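Novice: sequence? don't have it. structure:
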């Protein structure tokens, strides 16, 4: 597989992933380590919450998206990491048994002014559950190497 450089990426390019199922055990394990709120860690307490049941931490949902991005796209690019993202929203709770997948569309490409060997890619990213309901949205920012001379 050939490496994808900045010059190979254009506004309007789309990518998508396969799905990743989320288990109750993963939700609880992640939450116990990083976001130990009762609606993430305790099924009984979660039933009495505004969510009516156990839900994944938004940060867990974001981590799942990151894994899907790396597995399906990022490792094919001459990537240099990311300075962050914009407009992160957790639109709908993720529950045990949900199967998540993403769709992404490039919305901007520009060469770095300070680093001519690098370009900046911005993309609209949406994470969906198995019912095609959006559960997370964000605008990603990626740094990608330009093609070597």
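Specialist: Good, I have the coordinates. Keep in mind that what you see is a predicted model, and the values were worked out from it rather than measured.

Novice: which intervals of the protein have sub-threshold pLDDT?
Specialist: Residues of the chain meeting the criterion pLDDT under 70: 1, 74-75.

Novice: tell me where it has helices.
Specialist: 24-34, 38-41, 43-47, 58-72 (DSSP state H).

Novice: residue 13 is nearest to which of the ones you listed?
Specialist: helix 58-72 (13.4 Å; Cβ to Cβ). All C-beta atoms are positioned from the backbone trio N, CA, C, and that covers glycine.

Novice: packing partners of the closest one?
Specialist: strand 20-21, helix 24-34, strand 84-90, strand 99-111, strand 118-128, strand 134-145 (3 or more Cβ pairs under 8 Å, 6 or more residues apart in numbering; DSSP states H and E).

Novice: about what we covered before: single out the most deeply packed of the helices of the chain.
Specialist: helix 38-41 (a mean of 20; mean count of other Cβ atoms under 10 Å).

Novice: got a list of what the most centrally placed residue in the chain touches?
Specialist: Nearest to the mean C-alpha position of the chain, counting by Cα atoms, centre = their mean, stands residue 65 at 2.8 Å. The neighbourhood of residue 65, defined by Cβ atoms under 8 Å, 6 or more residues apart in numbering, consists of 100, 102, 125, 127, 136, 138.
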